[in-house]
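K.L.:
Got a predicted structure plus its sequence, pasted below:
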Amino acid sequence: MKRRLLLLLPLVGFLLLSGFLYMGLSLDPFQRDSALLAREFPEFQLSTLEDSEVLVDESLLKGEVTLVNVWGEWCPTCKQEMPQLLSLAERGVRLIGVDYKDTRAKGQEFLEEFGNPFEVNVFDPEGDLGFELGVYGAPETFLVDRDGIIRYHHTGYIKPEDVVQTILPEVRKWQ
Amino acid sequence: MAVIRRGLVVLVLLLVAGLVQGAVEVREFADPVLERRYSDLNESLRCPKCQNQAIGDSNSPVAADMRERVYMLLQDGRSDMEIRDYMVKRFGDYVLYNPRLEGRTWLLWGLPGALVVIGGIVVVLIVRTRRRASARQLSPDERARLDALIKRKRPE
């Protein structure tokens, strides 16, 4: 009898493997954690979108929990995302924008048209800061705690329901 | 006729446009070894925006940025290892086609070898027990008969 049961072993192995692979089918390959989680926000020194004379650096992110949103005028999803960001700003969340691979004129136009929820916008025309952040498509959003450590990363579009369901709870968690 | 010719011109232009867009920039290297390393790195790093494309054959803007960085870091005299680490630090393990051997990945690397070893042991065990079992199952009478059969000369 025992021997018979042993014959089932390959089947069990097969089923285990199938279950494992089946789970893999439903995984979204774009839902992966940022490599920067629990690490310091990268160093940078760039001008603001608003004024090319004003230089800002990573010390901008110290002292308060901040959402850093990487956007660009060329990115259609960013336009759809603006109402959600405006509502986050209304709820008292501090937002800083990174205008990624954009021109100053277009970036400023974008904010005039879709509203400006950002305390300040870092102008990153070459995408250098974006590269340091591991950004591979806009929009992307990073939550930075008051010590300047990245705590949460949202790839892609923040849906209206995400504001209350994921983003706000994450912000509160670190405040 | 003119319409057809114009149509053809448009078609050819469209085809060429596809070629131009698909082309990956050409870079100059003084040292052929660097050039070799550059193309090896481009093949072994995976584009984070794509599902399964190396940065060397992806059109995505982030792949172009990464090639640019690889080029700059090579010119800067960095080793392949340093360049890979540089990318992993920013884009995560996803960019490595060959995951590194570390605590998290020993199962991934070790499993195939372990399965081969386990399979080999199982086969050896099965063969041994079979051999022993078939030898033991013969009664003395059967054995004598078997010996006789083996030794029997074939009738001419």
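P.N.:
Sure, I can see it.
K.L.:
Can you get me a residue count around B:Arg67?
P.N.:
Counted with other CB atoms under 10 Å in any protein chain shown, residues neighbouring B:Arg67 total 21. C-beta here means a position set from N, CA and C on the backbone, and glycine is covered the same way.
K.L.:
Next, work out how far apart it and chain A are.
P.N.:
12 Å (CB to the nearest CB, to the nearest Å).
K.L.:
just B:Ile83 next, same as before
P.N.:
14 Å.
K.L.:
quick one: that residue and B:Leu73 touch, right?
P.N.:
Yes: applying CB atoms under 8 Å, one finds B:Ile83 in contact with B:Leu73, separated by 4.9 Å.
K.L.:
quick one: pLDDT of the closest residue to A:Gly127 other than its chain neighbours?
P.N.:
Spatial nearest neighbour of A:Gly127, chain neighbours left out: A:Lys101 (4.6 Å); criterion: CB to CB, 6 or more residues apart in numbering or on different chains. We have a pLDDT of 94 for A:Lys101.
K.L.:
more crowded one of B:Ile83 and B:Leu73?
P.N.:
Set B:Ile83 next to B:Leu73 and count neighbours by other CB under 10 Å: B:Ile83 wins out with 21 against 18.
K.L.:
For that one, grab phi and psi.
P.N.:
phi -70, psi -40 (degrees, to the nearest 10).
K.L.:
Scan chain B for its longest helix.
P.N.:
Identified as the longest helix of chain B according to DSSP state H is helix B:106-136.
K.L.:
Could you tell me the angle between the helix or strand immediately after it in the chain and helix B:106-136?
P.N.:
Following helix B:106-136 in sequence order, the next helix or strand is helix B:140-151 (DSSP states H and E). Relative orientation of helix B:140-151 versus helix B:106-136 (axes from the mean of the first three to the mean of the last three CA atoms, to 10 degrees): 90 degrees.
K.L.:
Now helix B:140-151 - C-alpha only, CSV.
P.N.:
What follows is helix B:140-151, C-alpha atoms only, in CSV (Å, rounded to 0.1, in the frame of the first residue of the first chain):
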residue,chain,number,x,y,z
PRO,B,140,15.9,-23.4,-5.9
ASP,B,141,14.0,-25.4,-8.5
GLU,B,142,13.5,-22.4,-10.8
ARG,B,143,17.1,-21.4,-10.4
ALA,B,144,18.3,-24.9,-11.4
ARG,B,145,16.0,-24.7,-14.4
LEU,B,146,17.2,-21.3,-15.4
ASP,B,147,20.8,-22.4,-15.1
ALA,B,148,20.1,-25.4,-17.3
LEU,B,149,18.4,-23.2,-19.8
ILE,B,150,21.3,-20.8,-19.9
LYS,B,151,23.8,-23.6,-20.3
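K.L.:
Tell me how far it lies from the chain's centre.
P.N.:
Here the centre of helix B:140-151 is set off from its chain's centre by 55 Å, with CA atoms, centre = their mean, to the nearest Å.
K.L.:
Contact residues of chain A facing chain B?
P.N.:
Applying CB under 8 Å from any CB of the partner chain, we find that chain A lies next to chain B at A:29, A:32-36, A:101, A:127, A:131-137.
K.L.:
Which of the residues you listed are buried? Put it as a PyMOL command.
P.N.:
Here is the PyMOL command that selects the buried residues among these (16 or more other CB atoms under 10 Å in any protein chain shown):
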select buried, chain A and resi 34+35+36+101+127+131+132+133+134+135+136+137
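K.L.:
Which ones among the residues of chain A next to chain B lie within helices?
P.N.:
A:Phe131, A:Glu132.
K.L.:
Before I go, just wanted to say thanks for your time.
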